[in-house]
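>>> need a structure here:
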Amino acid sequence: KMRPAGRGRREAEFVRLQDQLKQEGALDSARKRPLPRFLMSVGVVTSADGAAFWDIVQTLKRRCPIIKIVLHHTRVNGEESASEIAAAIRRLPQLVDIDCMIIGRGGGSPEDLWGFNREEVARAILDSPCPVISAVGHEVDLTISDLVADHRSPTPTAAAEEVAPELVEFKERLDKQLVSLYRNSRNQLDRGWDHLVYTAEKQVFSNPESWLKNFRQQLLVRFERLFNQYKKFIEDASHRLDRRTERLNSLNPQKVLERGYTLVKQKGKIVSSVEAVKPEEKLMVQWHDGTIEFELVEERMVRSDGANQ
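The predicted structure follows:
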């Protein structure tokens, strides 16, 4: 059975902070990030003098020696250690590039573990840019850092085992990936060869002269079709232009005069009626080949019915 790392007043503070963080959603599993599958560097926030750090180092080196381990030393005993732990959690990702972070210490009394129950440590874990593993005390010990961390391990050694795949397992995964890569490459080569053979059997490669002949014939047919379409377009446009030209010529006054009609003007205005002619004023009669000006001396009007006035 798990027990909060604290007694009396501290247990009440533990419950209060736990409820507050729960209401904020900080304890939701959906918020927590998964651990990277393959690590290159691990940050550790603990005391350099404690056995927990050396347990982590030995486990990581045994399982996967290529992993880089970066330690940020801090005090991990007592309530006064909380500010140092929080500062180390915030500072370590700023100093080096790490894939995840292990925070914790070995077993101890509830008072020794109390620094991991402080709100400032919880806030630092929540703000961490990389996944955080909390490994504080023994499996029966439960701290606030265990609740808000992305992952909880019962001991520091267990945390190291969980983040680092054993080298044999790593080699097995690599071998599987190499086999898969070879199989995929072979399949792509086979498909490419089949496509090349299929393409080589086409007429353009097997009998290029015949293919060029057919292509030339198709090109001539399309050219003749395009030429005929263009010729018809020009002829239709020419017919439309002729009709419009004839229509404009029929409206041209000069053409009317060429048919034997004349145009009478007086004072520059066209005389459209005999009643508009005023005596003793010059008239201008225009034919298609010239004009004559004369002055009306005697006014004599003849109506269209032949009667004199």
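>>> Going along the chain, name the strands of the stretch 1-150 of the chain.
Under the criterion DSSP state E, counting those that start in this stretch, the stretch 1-150 of the chain carries strands at the ranges 3-4, 41-46, 68-73, 100-105, 132-136, 141-142.
>>> And those: which comes nearest K213?
strand 41-46 (68.5 Å; CB to CB). C-beta here means a position set from N, CA and C on the backbone, and glycine is covered the same way.
>>> helices or strands next to the closest one in the packing?
helix 51-63, strand 68-73, helix 82-95, strand 100-105 (3 or more CB pairs under 8 Å, 6 or more residues apart in numbering; DSSP states H and E).
>>> Within its sheet, name the partner strands of the second one and how each one runs.
By that I understand strand 68-73. Using DSSP bridges, strand 68-73 pairs in its sheet with strand 41-46 (parallel).
>>> try the last one
Sheet pairing for strand 100-105, assigned by DSSP bridges, gives strand 41-46 (parallel), strand 132-136 (parallel).
>>> what angle sits between it and helix 51-63?
Computed by axes from the mean of the first three to the mean of the last three CA atoms, to 10 degrees, the angle separating strand 100-105 from helix 51-63 equals 140 degrees.
>>> Going forward, the N-terminal residue is numbered 14.
With the count now opening at 14, the last piece we talked about shows up as strand 113-118.
>>> any residues touching strand 113-118, and which ones?
For strand 113-118, contacts defined as CB atoms under 8 Å, 6 or more residues apart in numbering pick out 48-49, 52, 55-60, 63, 65, 69, 89-90, 98, 102, 105-106, 125-126, 129, 138, 141, 143-150, 158, 162, 166, 169, 172-173, 176.
>>> ranking the strands paired with strand 113-118 by burial, who's on top?
strand 145-149 (a mean of 27; mean count of other CB atoms under 10 Å).
>>> what mean pLDDT does it have?
Mean per-residue pLDDT for strand 145-149: 94.
>>> Can you give me the neighbour number for M297?
15 (other CB atoms under 10 Å).
>>> F228 and A43: what is the separation?
64 Å (CB to CB, to the nearest Å).
>>> cool, and N200?
39 Å.
>>> Neighbour count for the two, which is higher?
N200 (10 against 5).
>>> Which residues are in contact with the more buried one?
By CB under 8 Å, 6+ apart, N200 has no neighbours at all.
>>> could you pull out the helices for this protein?
Assigned by DSSP state H, the helices in the chain fall at 22-37, 64-76, 95-108, 123-126, 132-139, 157-161, 169-176, 180-213, 216-219, 221-263, 266-271.
>>> Mind checking the pLDDT average for the third one?
For helix 95-108, mean pLDDT rounds to 95.
>>> so what secondary structure elements neighbour it?
strand 54-59, strand 81-86, strand 113-118, helix 132-139.
>>> Adding distance to F236 and mean pLDDT, write these out as CSV.
Shown next, in CSV, are these (distance: least, CB to CB, whole Å; pLDDT from 0 to 100):
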stretch, distance to F236, mean pLDDT
strand 54-59, 70, 95
strand 81-86, 72, 94
strand 113-118, 71, 94
helix 132-139, 75, 95
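>>> returning to that earlier point: the strands paired with strand 113-118: which one's closest to D112?
strand 54-59 (5.7 Å).
>>> quick check: angle from that closest one to helix 132-139?
Going by the same axes, to 10 degrees, strand 54-59 makes 180 degrees with helix 132-139.
>>> correct me, but S96 touches E132?
No. At 11.3 Å, S96 does not count as touching E132 under the criterion of CB atoms under 8 Å.
>>> right, so the helices and strands packed on strand 54-59: which one is the most enclosed?
Mean neighbour count, computed with mean count of other CB under 10 Å, is highest for strand 113-118 among the helices and strands packed on strand 54-59, reaching a mean of 26.
>>> quick one on the thing from earlier: can you lay out the strands paired with strand 113-118 as a markdown table showing distance to I305?
Shown next, in a markdown table, are the strands paired with strand 113-118 (distance: least, CB to CB, whole Å):
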| stretch | distance to I305 |
| --- | --- |
| strand 54-59 | 115 |
| strand 145-149 | 116 |
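>>> closest one to I111 among those?
Closest among the strands paired with strand 113-118, using CB to CB: strand 54-59, at 3.9 Å.
>>> Pull the residues that contact that closest one.
Contacting residues not belonging to strand 54-59 are listed as 65-66, 69, 73, 80-87, 89, 98, 101-102, 105-106, 109-118, 143, 169, 176-177 [CB under 8 Å, 6+ apart].
>>> show me the contacts for the closest residue to S147 other than its chain neighbours.
In space, and not counting its chain neighbours, S147 is closest to A162: 3.6 Å by CB to CB, 6 or more residues apart in numbering. Taking CB under 8 Å, 6+ apart, we find A162 in contact with K45, I116, I138, V145, I146, S147.
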